[in-house]
Structures are given as structure tokens and as C-alpha cells.
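1. fold the following.
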Amino acid sequence: MKKIIYTSEAPAPIGPYSQAVLVNDTLYVSGQIALKEAGTLVNENIEVETHQVMKNLTAVLEKAGGNLSHVVKCTIFVKDMNNFQKINEVYGTYFQEEPPARETVEVSRLPKDVNVEISCVAVLTL
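-> Residues are numbered from 1 along each chain as shown. You can find the predicted model right below:
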């Protein structure tokens, strides 16, 4: 059974996709960028941008009845791998114990020309 997850606490999708899809106990969260709920881009620096991305992921997880401890895998897309260290430092503050599996991929461009996008998979029964 598939259930679409949507919260006004995270930015609305900017294309034909859902914020997240719940199938049984597994939640697939679409890539989040540093948009506030009102659609304002937060990009003063890479640390602030990464914090906003993580806040958006957290809001979607909470709407589905989960939290960051339920995340089993993340994918990080970065526009410039030179920002990896700073992104990693911020990301690490959200996953201090038992961090999920993850890959980080440098890409040439991201939606709205942001610098970082993060998606995740969570198992809500953990």
C-alpha cells in the first residue's frame, strides 16, 4: 500500500513528485533543497543551506510519524565537492549516533541552482 506524505512545514514540490512516499514501513523522502516553506531560498553560506535542507527532511519525516533515527540511507548531491567538509560537519550534527548509510555525489547543477540536495530512505519501525 502506497501513501503520499505532504507537510506544509517543508517546501511544496517544485515539480511532479511527492515530498515523500510511504510503502508499508519504508519512507522514501524526495531530495530536499534549502527552501523555506514559503518558497524562500536560504543560501547565505553552505552551512546555513545544509541546516535548512536537514530541517526540511526532518519535517517530512515527522509528518510520516518518524524522525532522523529512522533514516537508513541518505544521498547527498553537491554542486562543488570543495564544500564537502562543511556539509559533512553540519550533516554530522543531525546523525551523531548510528549514522545511516550514505553516498555523496558531485553534480554539475541542482534545482534552483542550490549547492546541496539531500534525499533519504527511512524505516519507521526501527
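2. name the SS class of L22, please.
-> Secondary structure, DSSP: H, G, I helix; E, B strand; the rest coil: L22 is strand.
3. how far away is it from G31?
-> 17 Å (CB to CB, to the nearest Å). Backbone N, C-alpha and C define where each C-beta goes, glycine included.
4. and what of T75?
-> Counting by CB to CB, the gap from T75 to G31 is 8 Å.
5. between these two, which has more neighbouring residues?
-> G31 (19 against 15; other CB atoms under 10 Å).
6. biggest helix in this structure by residues?
-> helix 46-63 (DSSP state H).
7. can you get me a residue count around P13?
-> 11.
8. spit out the contact partners of it.
-> 19, 30 (CB atoms under 8 Å, 6 or more residues apart in numbering).
9. buried residues in stretch 10-17?
-> Using 16 or more other CB atoms under 10 Å as the test for burial, stretch 10-17 gives 10-11.
10. quick check: end-to-end length of it?
-> Distance across stretch 10-17, first residue to last, is 14 Å (CA to CA, to the nearest Å).
11. centre of the chain to it, how far?
-> In this view, stretch 10-17 has its centroid 13 Å away from the chain centroid, taken as CA atoms, centre = their mean, to the nearest Å.
12. ditto for stretch 52-72
-> On CA atoms, centre = their mean, the centre of stretch 52-72 falls 8 Å from that of its chain.
13. hey, C-alpha coordinates of that stretch in CSV?
-> Extracted C-alpha coordinates of stretch 52-72, given in CSV (Å, rounded to 0.1, in the frame of the first residue of the first chain):
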residue,chain,number,x,y,z
GLN,A,52,17.7,24.2,6.1
VAL,A,53,17.9,21.0,4.0
MET,A,54,18.1,18.9,7.2
LYS,A,55,15.2,20.9,8.7
ASN,A,56,13.1,20.1,5.6
LEU,A,57,14.0,16.4,5.8
THR,A,58,13.1,16.3,9.5
ALA,A,59,9.7,18.0,8.8
VAL,A,60,8.8,15.4,6.2
LEU,A,61,9.9,12.5,8.4
GLU,A,62,7.9,13.9,11.3
LYS,A,63,4.8,14.2,9.2
ALA,A,64,5.1,10.5,8.4
GLY,A,65,5.5,9.6,12.1
GLY,A,66,9.2,9.2,12.1
ASN,A,67,12.4,11.1,12.9
LEU,A,68,16.1,11.1,11.9
SER,A,69,16.8,8.0,13.9
HIS,A,70,14.6,6.1,11.4
VAL,A,71,16.8,7.0,8.4
VAL,A,72,18.8,4.1,7.0
